[in-house]
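Peer 1: Build me a structure from this.
(chains A and B)
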2 protein chains.
Amino acid sequence: MTEQDVLRLDAEDPLAPLRARFAVPEGVTYLDGNSLGPPLHTARAAMDAVIAEQWGADLIASWNTHDWIGLPQRVGARIAPLVGGAADEVIVSDSVSVNLFKLIAAVCLARPHRRTILTEPGNFPTDLYIAQGVAGMLADRKVRTEPAEAIIDAIDHDTALVLLTHVHYKSGRRHDMAAIAAAAHAKGTLVLWDLSHSAGAVAIDLAGCQADLAVGCGYKFFNGGPGAPGFLYVARRLQGELQSPLAGWMGHAAPFDFDDGYRPAEGMQRFLCGTPPILAMAALDHALSVFDGIDMGLVEHKALALGDMFLELVEVQCGAFGFDLASPRERHGRGAHISFAHPQAYAICQALIARRVVGDFRAPDLLRMGFAPLTTRFIDVWRTVGILHDVMATGAWADPIFAIRQKVT
Amino acid sequence: MTEQDVLRLDAEDPLAPLRARFAVPEGVTYLDGNSLGPPLHTARAAMDAVIAEQWGADLIASWNTHDWIGLPQRVGARIAPLVGGAADEVIVSDSVSVNLFKLIAAVCLARPHRRTILTEPGNFPTDLYIAQGVAGMLADRKVRTEPAEAIIDAIDHDTALVLLTHVHYKSGRRHDMAAIAAAAHAKGTLVLWDLSHSAGAVAIDLAGCQADLAVGCGYKFFNGGPGAPGFLYVARRLQGELQSPLAGWMGHAAPFDFDDGYRPAEGMQRFLCGTPPILAMAALDHALSVFDGIDMGLVEHKALALGDMFLELVEVQCGAFGFDLASPRERHGRGAHISFAHPQAYAICQALIARRVVGDFRAPDLLRMGFAPLTTRFIDVWRTVGILHDVMATGAWADPIFAIRQKVT
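Peer 2: This is a model prediction of the structure:
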């Protein structure tokens, strides 16, 4: 493979034109869109319009005039086709962590005789912590962890909920949603999928996989801005049964009646809590416009092709430098990022950043590279591996400056 | 009193220059800053800078480079002096509703042998609903409501928490924080204040009143934008004892160690949950700059003076039209808004809006006018009452168009 071959792949990529809509700094190779997607060039103008033409011009009346009150549903409906849900099964609200609490607690309250929340060790920390927080509030409940390969066998009639991240944040390993749903349903157990590391990057068919519940992130592959609101999915058949204990007024059947007693709204509105963050939601709404009419099959195909290229090039060009693949080799077992373990992963990651190649270090020893398919080119992968080879071959990573840890790594 | 007298009050008002910093549409008399504060003229530029110079320029590195990770504490430290707390006692996070859940649940978990959350009927709905949601998750807990005047006598050794809104959202009635704290503490009970309708409008001395816990709103008198994040206050003496079951990763002692077990951070950081919404927090941070170095005594003085003027003018000019004062007459018993009951309050409110006087209707029969002291002039009050008189004297409110209810009222 030559650089010319790689440039040809970009020239033939049907998604390539989308990249021009994003503001990725010149000269930066950004392989961390899986942590924080870049802004659209139009993000500022969109936010200006909300501030000046909505908030500033119409003030409180904007809740009606600009249908701010309907924004959680509208943005949810925009996400729904990207994850295989119906428009009335997805709503945008709060953070992923808060949404996890709503759904884990709702299931535990609806299934009081099942005492176990089943998940895997090394799941994304907030998923584990929130499950622990729910269990700590309810008498006689526990969080049980079993390795991924043992999850299906561990599901029993005491399991209220299986809680898994679809694509693992470190390894990129992808769970088989349909198989786990089938096994869980056979025992009367529900499954809650955290789509944070997959939504917007791979094709997800929640309905086709008999999914029950899901949450996902607005600031990674959906490019909604740092700390953008998250989303929730609840299959229509479960919406009447489940009720969030985060019973804020925006989830009430008639919030502006100001009743003293909580009465949950019909449908997804009951999973809202407080007043929705309009500026943040509007930023996410605008970012999602890039996905309008997109074929998620194409998106996934590109993500996996970028990953394959990275994997092969690292093994060929940098195989001598002690990198161990920490992701599934088989492309359909992965999401849109790949990790290699290396004892000096932190310093190597910093040395790459100094050369304007932005990936991620994940403790204790992973170099993680993300291939957000809307913003990553094949040539980015090619150049990254070339620079990685240079960093390793010259020993540049060993400069003591690269050993200094920052607050967020 | 003449219009000249009123204009003189504005000319002599030390806070008057601040109003020019806000984008209130020309010709609109906005008496609803207690529902949604207007933007600063500089809000767009501030947001543009965060999008272009932080998110767009430095992408994921912004968490360190621009100290996004410290933003919840930094904005909290800006609010702290405005409510009489120390910088390390206030943090910005999530919505008011979510923050209520964190603190109500934390108290109930820390005081398992006390079964009652005591509040008043007609408290702001989300406060009641969230308390009901917490009680519904915990075995053998209940929400007890007693009228405001009976709260102190109702506190007993079974009361885990007294939950009250400092200034009532409808009547504007203000609770005596110090008296309630003293009565509660005598029984070993904690008090959680919802400052949503008072913070930024009146002088609050949390420390001086022996306050335990508080939450408050970013989008009303703090002008942080629609659905802006809320804040939490936890007195330093309680921070080690209380732990939120919304145990998201940002409240962990070492979030980037990615441990499987939750271990709460020291101090206020443990009351964070998910990834903070940076765009929304940055907007609030910028809006709070108006309060830098402000004397909250002056702010309160102006709020109460505006209210006094409104109350007196309505009673003198519109007394014949059937308005009943639904707020405390005595100025120190109130916050920064005043409600009058009238059987036709909804249509009257709509008729005023048609004349570009924006107040609020609160079901079933209240016309509520807010006097956000940074953005309201004495002449606004004078003109509002003149227009109200006109609407009533001409019967303009009876136009059928004003009877049509909108989604958000």
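
Peer 1: which residues of the stretch 301-409 of chain A fall in strands?
Peer 2: The residue ranges that make up the strands of the stretch 301-409 of chain A, judged by DSSP state E, counting those that start in this stretch, are A:324-325, A:337-341, A:357-358, A:360-362, A:366-370.

Peer 1: For those strands, which has the smallest mean pLDDT value?
Peer 2: Within these, confidence is poorest for strand A:360-362, with a mean of 94 (mean pLDDT).

Peer 1: other SSEs contacting that one?
Peer 2: If contacts are counted by 3 or more C-beta pairs under 8 Å, 6 or more residues apart in numbering or on different chains; DSSP states H and E, strand A:360-362 sits against helix A:345-354, strand A:366-370. C-beta: built from backbone N, CA, C; applies to glycine.

Peer 1: Point out the most buried one among the ones you listed.
Peer 2: strand A:366-370 (a mean of 26; mean count of other C-beta atoms under 10 Å in any protein chain shown).

Peer 1: need the strands of the stretch 301-409 of chain A in TSV with distance to B:I204, can you?
Peer 2: Compiled in TSV, these are given as follows (distance: least, C-beta to C-beta, whole Å):
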stretch	distance to B:I204
strand A:324-325	57
strand A:337-341	47
strand A:357-358	44
strand A:360-362	43
strand A:366-370	45
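
Peer 1: which SS state does A:P25 fall under?
Peer 2: coil (DSSP: H, G, I helix; E, B strand; the rest coil).

Peer 1: Look at the residue nearest to it when sequence neighbours are not counted and give its secondary structure.
Peer 2: In space, and not counting its chain neighbours, A:P25 is closest to B:A57: 6.0 Å by C-beta to C-beta, 6 or more residues apart in numbering or on different chains. Put simply, B:A57 is helix when judged by three-state DSSP.

Peer 1: burial measure for A:R356, as a count.
Peer 2: When neighbours are counted by other C-beta atoms under 10 Å in any protein chain shown, A:R356 registers 14.

Peer 1: can you count the residues close to the residue nearest to A:P25?
Peer 2: Counted with other C-beta under 10 Å, residues neighbouring B:A57 total 17.

Peer 1: how about the helices and strands packed on strand A:360-362, which one is nearest chain B?
Peer 2: Smallest distance to chain B across those (C-beta to the nearest C-beta): 7.5 Å, for helix A:345-354.

Peer 1: residue ranges with poor pLDDT in chain A?
Peer 2: Residue ranges of chain A with pLDDT under 70: A:409.

Peer 1: Hmm, the residue nearest to A:P25 is touching A:E26, no?
Peer 2: No: in this structure, B:A57 is not within contact of A:E26 by C-beta atoms under 8 Å, at 10.7 Å.

Peer 1: so who does A:G370 touch?
Peer 2: A:G370 is in contact with A:31-35, A:336-337, A:359-360, A:376, counting by C-beta atoms under 8 Å, 6 or more residues apart in numbering or on different chains.

Peer 1: can you do 7 Å?
Peer 2: Neighbouring residues of A:G370 by C-beta atoms under 7 Å, 6 or more residues apart in numbering or on different chains: A:31-35, A:336-337.

Peer 1: And the nearest residue in space to A:A77 that is not next to it in sequence, how far from chain B?
Peer 2: For A:A77, ignoring the flanking residues on the chain, the nearest one in space by C-beta to C-beta, 6+ apart is A:A87 at 3.8 Å. Applying C-beta to the nearest C-beta, to the nearest Å, the value for A:A87 to chain B is 19 Å.

Peer 1: In TSV: the helices and strands packed on strand A:360-362, plus distance to A:D140.
Peer 2: Below are those laid out as TSV (distance: least, C-beta to C-beta, whole Å):
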stretch	distance to A:D140
helix A:345-354	41
strand A:366-370	37
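
Peer 1: quick one: which of these is nearest B:Q239?
Peer 2: Closest approach to B:Q239 among the helices and strands packed on strand A:360-362 is made by helix A:345-354 (32.0 Å; C-beta to C-beta).

Peer 1: next one: the closest one to chain centre, how far?
Peer 2: Averaging C-alpha positions (C-alpha atoms, centre = their mean, to the nearest Å) puts helix A:345-354 24 Å from its chain's average.
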